[in-house]
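Chemist: Got a predicted structure plus its sequence, pasted below:
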Protein chains: 4
Amino acid sequence: MDMRFMLNLIANGSVNVPSLLLEHYPEIGLNEQECMMLIQVHSFLSKGDDFPTFDNLADRMTLDETACADLLRRLIQRGYLSIVQKSDNDFYSESYSLQPLWEKLLRTSYGKTVETTSKNNEN
Amino acid sequence: MDMRFMLNLIANGSVNVPSLLLEHYPEIGLNEQECMMLIQVHSFLSKGDDFPTFDNLADRMTLDETACADLLRRLIQRGYLSIVQKSDNDFYSESYSLQPLWEKLLRTSYGKTVETTSKNNEN
Amino acid sequence: MDMRFMLNLIANGSVNVPSLLLEHYPEIGLNEQECMMLIQVHSFLSKGDDFPTFDNLADRMTLDETACADLLRRLIQRGYLSIVQKSDNDFYSESYSLQPLWEKLLRTSYGKTVETTSKNNEN
Amino acid sequence: MDMRFMLNLIANGSVNVPSLLLEHYPEIGLNEQECMMLIQVHSFLSKGDDFPTFDNLADRMTLDETACADLLRRLIQRGYLSIVQKSDNDFYSESYSLQPLWEKLLRTSYGKTVETTSKNNEN
């Protein structure tokens, strides 16, 4: 038994991806490659790394750094991702925020729920 | 507060995607679309649905049913996915298994660990 | 490398426990033992086993079967857990539901959010 | 729909608790209260907070700060938890590590797997 490898399997374990994203990304206008990029950003954020580099992202995708930068820029322009600027005691930093993505998903899936409820009530 | 919608957010919550997959899928020869398909299959399996239909999968992807069927067939042929047949008291059923995928990922990432360890020992 | 053991580590992996529960269980009147019992029930439900036996639960706790049955009964009486009866084509079954727990947690934490917001607005 | 509350539900979501812990804590000598304390520490660690205060922990448990400090000390003495000291460019910090816990769990559950395999081979 390779203890070090298995400790890493447990500690590094898995990433919680919201079901809303997996179930509704095409409805909010994303394709698989765009969705994977957002999952990668989410994965860094959820482990406490707020601003992965293009290089960090390219390492885990089939895209090179330039293509990663382009894709991120387009996702920001189309309103799925934002960059938040924080300043904390003269220490200035930037971080990605997926709040725009979660808002889109909530609006879409909430709309659906309300619709379904109304239809059920009609019967 | 819409209780029903929020209960669903909690109960349906999120899917655990193994970090090994997010970090190493390009190394084992997958692109983003193929990886998303395997994540979708994993998401059904982890909620107890062992054999989602092409239609179930197409509903959550940018691919139609035929394209889903094609992609699944290619993933099986290339050894990332298998179909397991069970018979239980005259009741015969099929289910997808991602064991081939996890094996590939373990071999790849374990190989890397061993290599890194040896290199460290040399110094 | 013991492949079978590690495949199980990945496949059996981890259980998503809602942060609401970990952060607010004392406020809704639960102690650690009661909270662990509800986490165990949640863990069975989330893997598709809707009605674990007292024996299944006792196997994973410091309580014996009788103590598990008593604790579950008290949790039902106090409104944290319910038993739902389904009948599906002459096939009758029971399952545990944690909906009462999630509702309590949502009401408690939502109340807090609203309060905080009002306080902030006052300033 | 209260967008802010629901964004928090998604972003703050859930904590991945390793199944090994939920299934085997009594075997490695923990009771429910001790296990909950370790889950709380794990929950802080997994969100990037390496060294929660006694106060942070007491806020989420039925124990007060003194009782939390006592319980943590006993868990360290009994080898379930450790404190790791890091120094990074004159910046010195401490963090909790659950590596001792995961090692105990791996040894216990691995032992069981090997035993089961041997028994199966005998038949």
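Modeler: Yep, it's here. Numbering: from 1, shown residues only, chains lettered A, B, ... in the order given.
Chemist: Chain D contacts on chain A?
Modeler: Within chain A, the positions near chain D by CB under 8 Å from any CB of the partner chain are A:1, A:3, A:6-7, A:10-11, A:13-14, A:16, A:18, A:20, A:47-48, A:98-99, A:102-103, A:106, A:110. Backbone N, C-alpha and C define where each C-beta goes, glycine included.
Chemist: which stretch of helix or strand covers A:Ser93?
Modeler: Using DSSP states H and E, A:Ser93 sits in strand A:91-97.
Chemist: which other helices and strands contact that strand?
Modeler: If you count contacts as 3 or more CB pairs under 8 Å, 6 or more residues apart in numbering or on different chains; DSSP states H and E, strand A:91-97 packs onto helix A:32-46, strand A:82-88.
Chemist: State the pLDDT value of the nearest residue to A:Val84 once chain neighbours are set aside.
Modeler: Nearest residue to A:Val84, sequence neighbours excluded (CB to CB, 6 or more residues apart in numbering or on different chains): A:Ser97, at 4.8 Å. The per-residue pLDDT reported for A:Ser97 equals 96.
Chemist: Next: the one 3 residues further on.
Modeler: pLDDT, the model's per-residue confidence, is 96 for A:Pro100.
Chemist: Does it touch A:Arg78 like I think?
Modeler: No: at 9.4 Å, A:Pro100 does not count as touching A:Arg78 under the criterion of CB atoms under 8 Å.
Chemist: Around chain C, pick out the residues from chain A.
Modeler: Within chain A, the residues that sit near chain C (CB under 8 Å from any CB) are A:1-2, A:5-6, A:9-10, A:13-14, A:16.
Chemist: Next, format the residues you listed as CSV and append neighbour count and pLDDT.
Modeler: Compiled in CSV, those are given as follows (neighbours: other CB atoms under 10 Å in any protein chain shown; pLDDT from 0 to 100):
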residue, neighbour count, pLDDT
A:Met1, 14, 62
A:Asp2, 15, 81
A:Phe5, 17, 86
A:Met6, 20, 87
A:Leu9, 24, 85
A:Ile10, 23, 85
A:Gly13, 19, 83
A:Ser14, 22, 89
A:Asn16, 21, 91
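Chemist: now, which of these lie close to chain B?
Modeler: A:2, A:5, A:9, A:13-14, A:16.
Chemist: follow-up on the earlier one: deepest-packed of the helices and strands packed on strand A:91-97, please.
Modeler: With neighbours defined as mean count of other CB atoms under 10 Å in any protein chain shown, those peak in mean count at helix A:32-46, which reaches a mean of 21.
Chemist: And the very next helix or strand once past that helix, what does it pack against?
Modeler: Later in the chain than helix A:32-46, the nearest helix or strand by DSSP H and E is helix A:54-58. Where contact means 3+ CB pairs under 8 Å, 6+ apart, helix A:54-58 is packed against helix A:32-46, helix A:65-77.
Chemist: and those helices as CSV, adding mean pLDDT?
Modeler: Shown next, in CSV, are the helices and strands packed on helix A:54-58 (pLDDT from 0 to 100):
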stretch, mean pLDDT
helix A:32-46, 96
helix A:65-77, 98
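Chemist: Take these and lay them out in TSV including distance to C:Gln85.
Modeler: Below are the helices and strands packed on helix A:54-58 laid out as TSV (distance: least, CB to CB, whole Å):
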stretch	distance to C:Gln85
helix A:32-46	38
helix A:65-77	47
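Chemist: before we move on, back to that, ok, now which ones touch the residue nearest to A:Val84?
Modeler: In this structure, A:Ser97 makes contact with A:81-84, judged by CB atoms under 8 Å, 6 or more residues apart in numbering or on different chains.
Chemist: likewise A:Leu30?
Modeler: A:38, A:80.
Chemist: what secondary structure does it sit in?
Modeler: In three-state terms, and counting by DSSP: H, G, I helix; E, B strand; the rest coil, A:Leu30 is coil.
Chemist: could you measure the closest residue to chain D within chain A against B:Leu71, distance?
Modeler: At 2.8 Å from chain D, A:Gly48 is the closest residue in chain A, using CB to the nearest CB. To B:Leu71, A:Gly48 is 34 Å away according to CB to CB, to the nearest Å.
Chemist: Between those two, which is the more surrounded one?
Modeler: B:Leu71 (20 against 12; other CB atoms under 10 Å in any protein chain shown).
Chemist: Leaving out sequence neighbours, find the closest residue to the more buried one.
Modeler: B:Met37 is the one closest to B:Leu71 (CB to CB, 6+ apart), at 5.4 Å.
Chemist: The one you found reaches B:Thr62, doesn't it?
Modeler: No: counting by CB under 8 Å, B:Met37 sits too far from B:Thr62 to count as a contact (10.9 Å).
Chemist: ok, and what's touching stretch A:55-68?
Modeler: The contact list for stretch A:55-68 (CB under 8 Å, 6+ apart) reads A:33, A:36-37, A:40-41, A:44, A:49, A:54, A:71-72, B:22-26, B:31-32.
Chemist: please redo it, this time with the cut-off set to 7 Å
Modeler: A:36, A:40, A:44, A:54, A:71, B:22-23, B:26, B:31-32 (CB atoms under 7 Å, 6 or more residues apart in numbering or on different chains).
Chemist: Three-state assignment for A:Gly111, please.
Modeler: Three-state secondary structure (criterion: three-state DSSP) places A:Gly111 in helix.
Chemist: gap between it and chain B?
Modeler: Using CB to the nearest CB, to the nearest Å, A:Gly111 is found at 11 Å from chain B.
Chemist: Check A:Glu23 too.
Modeler: 5 Å.
Chemist: Counting by contacts, list what the helix or strand harbouring that residue packs against.
Modeler: Element membership of A:Glu23, judged by DSSP H and E, is helix A:19-24. Under the contact criterion of 3 or more CB pairs under 7 Å, 6 or more residues apart in numbering or on different chains; DSSP states H and E, helix A:19-24 touches helix A:99-122, strand B:14-18, helix B:32-46.
Chemist: just to revisit the earlier point, what's the per-residue pLDDT of the residue of chain A closest to chain D here?
Modeler: pLDDT for A:Gly48: 83.
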